[in-house]
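Chemist: below: sequence and its predicted model.
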Amino acid sequence: MMAFRYHSIRPGKIWLDTEGNPIHAHMPRLFFEDGIYYWYGLDKSRTTANMEFWHWGVRYYRSTDLYNWENLGSLIPPDLSTPDAVLSPKNMLDRPHILRNPATGKYVCWFDGCGSQRATVLVADRFTGPYRVVQPSFAPLGMPFGDFDLAISEEGRGYCYFNRPHKELICAELNHDFTGVSGVFSTHFPQISPPYVREAPAHFQRGSKHYLLTSGTTSFYPNPSEAAVADSWHGPFRVLGDPHCGDESRTSFHSQISQVFKVPGKSDLYIALADRWLPDEMDVSYKHTEMLFNSWFNPEYTPHQADLEGGIEATLAKDISRARFVWLPLSFDGDMPRIEWRAEWRIEDFL
């Protein structure tokens, strides 16, 4: 029985499921099928500061209104048979993405391997599973594989935008069954090093335009998002700047976007789904984060000790079990997507 009902979205607040428990589906993704919304993502409820467990499988929820979510348990459960198992909770798998292949009818799930910088692919006959591993560990295009997004064209062709760690972003076309890449690719946004290298790409289409919202590379600490637009999947992409309006902290409202979801039945409602990984450390400025990551990775940067004093800790082991969600609607000023802070908002307020 439902304990209570939400009638709005409240970014940054603790979001409870219909049983009154905090939702744990991080690096959030929405999948819509047969009138049902499914919210899935990594279960980080046991990812505390000791980092014994990187995840506890993929958890999922369902809803008909995008406010109230019923916990359906593990979509892809953790494999506890051995610490070396592909789906072991000690394995640093990240960002589950699921597409339905229109040619085969199969549901294909990709992960990136945060520690190994390789991809893992699973396949199922239904969205709800069970999923079986078909590619335990591979390097698309022979490249290291970081944060990514999967997308599908109206013609049914699959695409993967992924971060080639510490270098650039790649757009790779998927093969016929979506379990690998075809070999056709393009490169985008080359940068000298973190924190400027783009990661966590979120692709969406609006009319004939292709958009990418990306994050800088600063681990769990937030940084300014960047929007880019192109006329095709492979670009070239034109950088538009930070879409987060009025964000003086330069932290994307202390969050990192995982997906931009077009709401079915709405003429122009897109929602940026994001994690707020560190709700207890919102006083850390991007200035200190930028300087620390420059000191670690940028060969052209010479830090001053005074720059780093009072900055973030050198360790990035964090209690992610306390992470929250920041879901905000997009508006558009010409080609430029805008994300404004709203403490509370309703789907019904958009056409």
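Modeler: Thanks, I have the structure now. For clarity, every value in this text was computed on a predicted model and none was experimentally measured.
Chemist: next, count neighbours for A119.
Modeler: For A119, the count of nearby residues is 24 (other C-beta atoms under 10 Å). (Each C-beta comes from the backbone N, C-alpha and C, glycine too.)
Chemist: can you tell me the closest non-neighbouring residue to it?
Modeler: F145 (4.8 Å; C-beta to C-beta, 6 or more residues apart in numbering).
Chemist: got the contact list for the one you found?
Modeler: 112-113, 117-119, 139, 162, 164 (C-beta atoms under 8 Å, 6 or more residues apart in numbering).
Chemist: at 7 Å what do you get?
Modeler: Counting by C-beta atoms under 7 Å, 6 or more residues apart in numbering, F145 touches 112, 117-119, 139, 162.
Chemist: any low-confidence regions in the stretch 1-150 of the chain?
Modeler: Per-residue confidence for the stretch 1-150 of the chain (pLDDT under 70) gives these ranges: 1-3.
Chemist: and with 50 instead?
Modeler: Applying pLDDT under 50 to the stretch 1-150 of the chain flags the ranges 1.
Chemist: all strands for it, in order.
Modeler: Ranges of strands in the stretch 1-150 of the chain, per DSSP state E, counting those that start in this stretch, are 26-33, 36-42, 58-63, 70-76, 93-100, 107-113, 119-124, 132-138, 148-152.
Chemist: can you list the strands that the shortest one pairs with?
Modeler: According to DSSP bridges, the neighbouring strands of strand 148-152, each with its direction, are strand 158-164 (antiparallel).
Chemist: centre of the chain to the strand it pairs with, how far?
Modeler: Distance of strand 158-164 from the chain centroid (C-alpha atoms, centre = their mean, to the nearest Å) equals 13 Å.
Chemist: now it and strand 107-113, what's the angle there?
Modeler: Orientation check (axes from the mean of the first three to the mean of the last three C-alpha atoms, to 10 degrees): strand 158-164 against strand 107-113 gives 10 degrees.
Chemist: format the contacts of F145 as TSV; extra columns: distance to S88.
Modeler: Output for these, formatted as TSV (distance: C-beta to C-beta, whole Å):
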residue	distance to S88
D112	16
Q117	17
R118	15
A119	17
A139	20
F162	23
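Chemist: quick one: buried ones out of these?
Modeler: Among the contacts of F145, those classed as buried by neighbour count (16 or more other C-beta atoms under 10 Å) are 112, 117-119, 162.
Chemist: closest to R198 out of the strands of the stretch 1-150 of the chain?
Modeler: strand 148-152 (11.6 Å; C-beta to C-beta).
Chemist: widest-spaced pair of the buried ones among the contacts of F145?
Modeler: The distance between the two most remote of those (C-beta to C-beta) is 11.1 Å, for R118 and F162.
Chemist: biggest strand in the protein by residues?
Modeler: For the chain, the strand with the greatest residue count under DSSP state E is strand 324-333.
Chemist: what's the angle between that one and strand 36-42?
Modeler: Using the same axes, to 10 degrees: strand 324-333 against strand 36-42 is 120 degrees.
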